[in-house]
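Colleague: Below: sequence and its predicted model.
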Amino acid sequence: MPLTNEQARQLIDIGHVYEAQRAAQLEYIRSYRYAARWRQIAGREYFYIGEQSRGARSPETTALFTTYCEAREVLQSRLEKLQARLEEMAPVNRALRLGRVPKLPARILRALDAEGLLGRHLRVIGTHSLFAYEIAAGEFFQADLLATTDLDLCWDAKERLTILAEDGGARTVLSILKRVDRSFETGKLYGMSAVNDENFIVDVISPRQEDCSPATGIAGDVAAAPIPEVEALTGEAFSAMAIGEDGLPVQIVCPLPDAFVGHKRTIAEASGRPMIQRRRDAAQAHAVAAVAPVLNATGNLYREAN
């Protein structure tokens with residue numbers, strides 16, 4: 001079903017605000033994540049950002065301290081104002097029925113994006129990819145193609161993920177999931193997936209046969225299930241804004257449409273796969289293939305920000 005003119009206009013408007021919000025968020029993650037403070041050591045004061053020392057107190061470090069704190073405060077204020085604007089627009093998005101991504105996966109993807117993990121380290125490879133394709137194509141898919149109780153994420157990095165906390169220590173993917181829903185735990189399904197009390201499953205999948213350990217390397221974290229067949233979904237990626245059921249935007253980084261179609265057609269022909277799943281895979285492939293020429297012309301390639 002094609003988007004109406006009013007829906008398209010609203011998506012353009014919210015897209016401008018969201019782009020600014022994500023740019024500010026990325027700057028915060030890269031440059032201002034950690035608070036500045038003075039630490040007393042052996043009778044002298046030292047300027048610290050997080051756990052990294054920038055030197056003993058001096059006119060130069062005092063000036064750097066002031067500049068950093070002021071810039072961090074300005075950026076935090078900008079982020080708050082942009083978030084408030086997005087929340088003001090949310091009711092209109094819901095009224096226009098633009099909110100398509102279920103609340104839980106939308107919140108998970110936002111949390112991963114806020115940590116700088118989405119796209120750079122993790123990408124969506126399953127049914128949730130369709131939410132990006134449909135918005136970019138300007139045409140909603142049938143609801144039965146979108147229903148799912150799991151979120152499939154692909155990790156294809158050659159090094160372990162490092163998720164830094166405010167104190168400079170390392171955190172886990174599971175800790176991010178538990179921040180969204182405290183009931184998430186690992187080990188309920190082959191020791192790999194994270195599953196919550198409502199049986200919503202988050203899978204981290206790797207095309208590398210040896211990757212059956214936590215992507216962060218931290219014991220107890222979500223482990224990466226080795227499935228070589230997803231190799232076809234790595235490489236260049238597609239990126240688009242979708243809207244959650246709560247009316248707020250969510251970025252989705254997923255395979256290129258042609259790669260998604262090829263993968264779905266391949267597994268739809270796999271004889272060992274249940275027929276009901278094979279039919280669904282084939283239907284998803286058909287739906288995305290129908291809009292692939294439009295998607296390929298959008299130029300919505302994921303590009304890592306410098």
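Modeller: Arrived safely, thanks for sending.

Colleague: What's the local residue count around Pro102?
Modeller: Each residue near Pro102 was counted by other CB atoms under 10 Å, and the total is 19. Every residue, glycine included, has its C-beta placed from N, CA and C.

Colleague: Tell me who's in contact with it.
Modeller: The contact partners of Pro102, by CB atoms under 8 Å, 6 or more residues apart in numbering, come to Gly244, Glu245.

Colleague: Tell me the spacing between it and Gln284.
Modeller: According to CB to CB, to the nearest Å, Pro102 and Gln284 sit 17 Å apart.

Colleague: Next, count neighbours for Ser129.
Modeller: By the criterion of other CB under 10 Å, Ser129 has 25 neighbours.

Colleague: I figured it was touching Cys254, is that so?
Modeller: Yes - here Ser129 lies in contact with Cys254, judged by CB atoms under 8 Å, at a distance of 3.7 Å.

Colleague: so what sits against both of these two?
Modeller: Common contacts of Ser129 and Cys254 (CB under 8 Å, 6+ apart): Phe238, Phe260.

Colleague: can you list contacts of stretch 128-138?
Modeller: Under CB under 8 Å, 6+ apart, the answer for stretch 128-138 is 2-3, 8, 11, 100-101, 105, 109, 124, 140-141, 145-146, 148, 151-152, 238-243, 252-255, 257, 260, 284, 287-288, 291, 294-295, 298, 300.

Colleague: Give me the buried entries from those residues.
Modeller: Among the contacts of stretch 128-138, those classed as buried by neighbour count (16 or more other CB atoms under 10 Å) are 3, 11, 100-101, 105, 109, 124, 140-141, 145-146, 148, 151-152, 238-243, 252-255, 257, 260, 284, 287-288, 291, 295, 300.

Colleague: so where is the stretch 101-250 of the chain shaky, pLDDT-wise?
Modeller: 157-170, 187-192, 209-213 (pLDDT under 70).

Colleague: Run through the helices of it in chain order.
Modeller: Taking DSSP state H, counting those that start in this stretch as the test, the helices found in the stretch 101-250 of the chain are 103-114, 129-137, 173-180.

Colleague: Make TSV out of those and add distance to Asp197.
Modeller: Conversion of these to TSV gives the following (distance: least, CB to CB, whole Å):
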stretch	distance to Asp197
helix 103-114	11
helix 129-137	24
helix 173-180	12
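
Colleague: most packed of those?
Modeller: With neighbours defined as mean count of other CB atoms under 10 Å, the helices of the stretch 101-250 of the chain peak in mean count at helix 129-137, which reaches a mean of 25.

Colleague: mind listing what the nearest residue to Arg110 once chain neighbours are set aside touches?
Modeller: Excluding the flanking residues, the one nearest Arg110 by CB to CB, 6 or more residues apart in numbering is Val250, at 5.6 Å. Contacts for Val250 (CB under 8 Å, 6+ apart) come out as Val101, Ala106, Leu109, Arg110, Asp113, Met241, Ala242, Ile243, Gly244.

Colleague: next one: Arg37
Modeller: Here Arg37 is in contact with Tyr48 (criterion: CB under 8 Å, 6+ apart).

Colleague: Distance check, Leu174 against Ser193.
Modeller: 11 Å.

Colleague: okay, and the common contacts of these two?
Modeller: Thr186, Val222.

Colleague: For Ala225, state which of the contacts of Val250 is nearest.
Modeller: Leu109 (19.1 Å; CB to CB).

Colleague: What separation is there between the closest one and Arg100?
Modeller: Taking CB to CB as the measure, Leu109 falls 13 Å from Arg100.

Colleague: okay, and the common contacts of the two?
Modeller: If you check Leu109 and Arg100 against CB under 8 Å, 6+ apart, no residue is contacted by both.

Colleague: and the helix or strand in which Arg37 is found, which strands flank it?
Modeller: Per DSSP states H and E: Arg37 is located in strand 36-41. Here strand 36-41 has these sheet partners by DSSP bridges: strand 44-49 (antiparallel).

Colleague: May I have the partner strand exported as CSV, CA atoms only?
Modeller: Only the C-alpha atoms of strand 44-49 are listed here, as CSV (Å, rounded to 0.1, in the frame of the first residue of the first chain):
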residue,chain,number,x,y,z
ARG,A,44,48.2,17.2,43.4
GLU,A,45,45.1,17.6,41.2
TYR,A,46,44.9,16.0,37.8
PHE,A,47,42.4,16.6,35.0
TYR,A,48,40.6,13.4,34.0
ILE,A,49,38.1,12.7,31.3
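
Colleague: How about Glu45, nearest residue that isn't a chain neighbour?
Modeller: Closest to Glu45 by CB to CB, 6+ apart is Arg57, at 4.2 Å.
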